[in-house]
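J.: Here is the input, now give the coordinates:
(chains A and B)
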Amino acid sequence: GENVEQHPSTLSVQEGDSAVIKCTYSDSASNYFPWYKQELGKRPQLIIDIRSNVGEKKDQRIAVTLNKTAKHFSLHITETQPEDSAVYFCAASNTGTASKLTFGTGTRLQVTL
Amino acid sequence: GAVVSQHPSWVICKSGTSVKIECRSLDFQATTMFWYRQFPKQSLMLMATSNEGSKATYEQGVEKDKFLINHASLTLSTLTVTSAHPEDSSFYICSAHPGTSTHNEQFFGPGTRLTVL
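T.: Next comes the predicted model:
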C-alpha cells in the first residue's frame, strides 16, 4: 500500500518568513495530493491540492509543487502569519481506489512574532 | 455546500459499553464514506472505507467485529465501537466522497472525541 513520509515534524518560523514542508510517497499510481491544515480539536481543512498532471499550483500565499519522477511534493507558505500556526498534513491517493487517502505524519508549524 | 456532520461531537462512556457515531452528508450524496482515527499528536489513520449498500472494507489491523460500520443510505454512515475500552479513546473523524470521477476531494466531519473510562 501507499506510504507517505513528511518532514519536518516541527517547524518554527518568524512572521513574514516562508515555510516549506516536504512529503514523499511510494505508490507511483497515486495521482491526487491534497494538503490539510488542522487546528487543535478541529477537522482537517483542505488548503490546496494538486493532481498528477500538474507540476505546480498556487493560491495566494500557498503553493504546492509536485515531482512525479522523484515521488515528492512540497507545500510552500510565503509571508507567514501567526494564524498560519497549526498542524499541516500532506496526503496521497489513487482516485482509482475510491480516493482512499494516506496521510503523512504531520508538521506542527509555529509562526512567531 | 459539501457539509458533513457528525454526532455526537464528544462522548464519555464506561469501559465495556458500546458507542455509536453518526456521519451525515447534508447537501450531497456520498457514495463512499471513510472513517479515520486520530490519537493525540498523531496523524489520521484510515480505519475503513464504507460504501453505500455494501460491506465496509477495513484496513489491516482494524477489528471489523469491534468497529461496526453501516452505510445504509447515501447520506448516512455509522460507526459503532463495541465493548469500548480505554485504549479506544481517540478522535474519530469521518469523511464523505461524492463518488464522481472528476471530484477528488473528501469532505470531513467535525470529529467525535471518545473518552472511555
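J.: center of chain B - which residue?
T.: B:Trp35 (3.4 Å; CA atoms, centre = their mean).
J.: Test for you: state the pLDDT assigned to that one.
T.: B:Trp35 carries a pLDDT score of 97 in this model.
J.: If B:Thr78 is in a bridge, with which residues?
T.: Counting by DSSP bridges, B:Thr78 forms beta bridges with B:Glu22, B:Asn70.
J.: I'd guessed it sits against B:Phe67; true?
T.: No: taking contacts as CB atoms under 8 Å, B:Thr78 lies outside contact range of B:Phe67: 10.8 Å. Every C-beta, even on glycine, is put in place using the N, C-alpha and C of the backbone.
J.: Quick check: closest non-adjacent residue to the spatially most distant residue from the centre of chain A.
T.: Of all residues in chain A, A:Leu113 sits farthest from the chain's C-alpha centroid, using CA atoms, centre = their mean; the distance is 23.2 Å. Among residues not flanking A:Leu113 along the chain, A:Glu15 sits closest, at 5.5 Å (CB to CB, 6 or more residues apart in numbering or on different chains).
J.: Make sure A:Pro82 is actually in contact with A:Gln110.
T.: No: using CB under 8 Å, A:Pro82 is not in contact with A:Gln110; the gap is 9.2 Å.
J.: So for the two, which residue has more residues nearby?
T.: A:Gln110 (14 against 10; other CB atoms under 10 Å in any protein chain shown).
J.: what's the spacing between the residue nearest to A:Val4 when sequence neighbours are not counted and B:Ser5?
T.: Excluding the flanking residues, the one nearest A:Val4 by CB to CB, 6+ apart is A:Gly104, at 4.5 Å. Separation of A:Gly104 from B:Ser5 (CB to CB, to the nearest Å): 26 Å.
J.: neighbour count winner among those two?
T.: Neighbour totals were compared for A:Gly104 and B:Ser5, and A:Gly104 leads with 26 against 14 (other CB under 10 Å).
J.: before we move on, the earlier item: which residues does the residue nearest to the centre of chain B form a beta bridge with?
T.: Beta-bridge partners, per DSSP bridges, of B:Trp35: B:Ala48, B:Cys94.
J.: Could you verify my assumption that it touches B:Leu79?
T.: Yes: using CB under 8 Å, B:Trp35 is in contact with B:Leu79, at 5.2 Å.
J.: Am I right that B:Glu87 is in a helix?
T.: Yes: counting by DSSP: H, G, I helix; E, B strand; the rest coil, B:Glu87 is located in a helix.
J.: check contacts around it.
T.: By CB atoms under 8 Å, 6 or more residues apart in numbering or on different chains, B:Glu87 lies in contact with B:Val116.
J.: Show the model's pLDDT score for it.
T.: Reported pLDDT for B:Glu87: 96.
J.: before we move on, what about the one 5 residues further on?
T.: pLDDT for B:Tyr92: 98.
J.: now swap in A:Val54 and tell me
T.: A:Val54 carries a pLDDT value of 85.
J.: what's the distance between it and A:His76?
T.: The gap separating A:Val54 from A:His76 is 15 Å, by CB to CB.
J.: Would you mind telling me which of those two has more residues around it?
T.: A:His76 (17 against 13).
J.: Run through the bridge partners of that one.
T.: A:Val20, A:Ala63.
J.: Please look at it and A:Ser18 and confirm they touch.
T.: Yes: counting by CB under 8 Å, A:His76 does reach A:Ser18; the two are 6.6 Å apart.
J.: interface residues of chain B facing chain A?
T.: Proximity of chain B to chain A, by CB under 8 Å from any CB of the partner chain, involves residues B:32, B:34, B:42-46, B:49, B:51, B:91, B:93, B:95, B:97, B:99, B:101, B:104-106, B:108-111, B:113.
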